[in-house]
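Asks: just coords:
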């Protein structure tokens, strides 16, 4: 058994913990980041229409939402370490199957299964960090996790490009499978948590049940949780609307890539400062300003028509997103109870994933009816409302944060 997370650790214990927590995330995100841009390409190469290729690419997000709540049950029964290892191994199996079968149905199944395993992987690592890292370092731990994920998704496409320069598209799937296997191996080095929640019972001698846990803590979910849904909506909108608006204004594809890379640079550079601010001054001072900054950036986007103007807005959106890295996981960890923590965080992640799916859907619907400029203003306005919602419910002081935490 490992020592209590609030007790001091030695340097070697910290290094082992940090390596075993963050290395699997980095490896897995590099692997899947390498194939994300290639899924639609591989689907069309196997005979899919453009519409079907887009659907297959979206299967991962659909599967993640479907499996968010079951992932809490899996993590509670197997434990965090075993859940992560199992998710990585299953991921590796289906990715290798894509290479050998080289068929459209297998590709679709593999993308769907990856969404399922991603739900388990994400839930288990968040639950583990919540319990393993002291509260005074929690935001930095979560923001670093978000930053590592971003770094992996930045390096993954570069690696995929290098693989394609010497091989076929399906070779990238083998690389991703290898990355998942390495992630599973490194995860085996995770220290055991100080408590085994599989043996936790309530006053009536019952084990935690997902819907009972969510019902008991519905106030947190319907207040701060809904605010996080709005935050994720803004984040996902930014990824869609910047390339579309740049293309609408005649910006070349190569310059669009550079604009997106500029926005992503802030994501990578600002994740740790954001976590430090949250730990020192409070969650409110990152969640609310970042939400408002990104929302106002979207409202301002229709007034930009040059590369320079769009670059400024892309930078502002990257700034807001980067400094808020890990905020959704941090707030979820703060609100999570000891009894039924995996089940509660599963519901929290379902809200976040719902918000992530809503952004592109809103942009698509409003654009079809009124145009892209109106869509940017609508989403930005909704984000401002969400910022006000977060300002009302997110704890501002250490005393409010202590009261926010469930018993």
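Replies: Everything's here; your move. On a predicted model such as this, the values are computed, not experimentally measured, just so you know.
Asks: Longest helix in the protein, please.
Replies: If each helix of the chain is counted by residues according to DSSP state H, the longest one is helix 11-45.
Asks: How far away from the center of its chain is it?
Replies: Centroid separation for helix 11-45 versus its chain: 12 Å, with C-alpha atoms, centre = their mean, to the nearest Å.
Asks: Next, the buried residues of that helix.
Replies: 16-17, 20-36, 38-40, 42-45 (16 or more other C-beta atoms under 10 Å). All C-beta spots, glycine's among them, are computed from the backbone N, C-alpha and C.
Asks: again with stretch 178-192
Replies: Neighbour-count burial for stretch 178-192, counted by 16+ other C-beta under 10 Å, picks out 179-184, 186-187, 190-191.
Asks: just how off-centre is it within its chain?
Replies: Put simply, stretch 178-192 sits 19 Å off its chain's centre (C-alpha atoms, centre = their mean).
Asks: Stretch 295-315 too?
Replies: When C-alpha coordinates are averaged (C-alpha atoms, centre = their mean), stretch 295-315 and its chain have centres 25 Å apart.
Asks: Where does the prediction get shaky in the stretch 151-300 of the chain?
Replies: Applying pLDDT under 70 to the stretch 151-300 of the chain flags residues 192-206, 253-254, 257.
Asks: What of the stretch 1-150 of the chain?
Replies: Short version for the stretch 1-150 of the chain, where the test is pLDDT under 70: 1-14.
Asks: Keep only those of the buried residues of stretch 178-192 that are in helices.
Replies: Per DSSP H, the subset of those in helices is 179-184, 186-187.
Asks: Residue 216: which of these is nearest?
Replies: Among those, residue 187 lies closest to residue 216 (C-beta to C-beta), at 30.7 Å.
Asks: Please give me every residue in contact with residue 22.
Replies: Applying C-beta atoms under 8 Å, 6 or more residues apart in numbering, we find residue 22 in contact with 144-145, 148.
Asks: That one and residue 158, how far apart?
Replies: Per C-beta to C-beta, to the nearest Å, residue 22 is found 19 Å from residue 158.
Asks: element containing the spatially most central residue of the chain?
Replies: By C-alpha atoms, centre = their mean, the chain has its centre lying nearest to residue 146, at 7.1 Å. In the assignment (DSSP states H and E), residue 146 maps to helix 138-166.
Asks: Just give the number of residues close to the residue nearest to residue 243 when sequence neighbours are not counted.
Replies: Nearest-residue entry for residue 243: residue 256, 5.3 Å, with adjacent residues in sequence omitted and distances by C-beta to C-beta, 6 or more residues apart in numbering. Neighbours of residue 256 under the rule other C-beta atoms under 10 Å: 19.
Asks: That's all I had, so thanks and see you.
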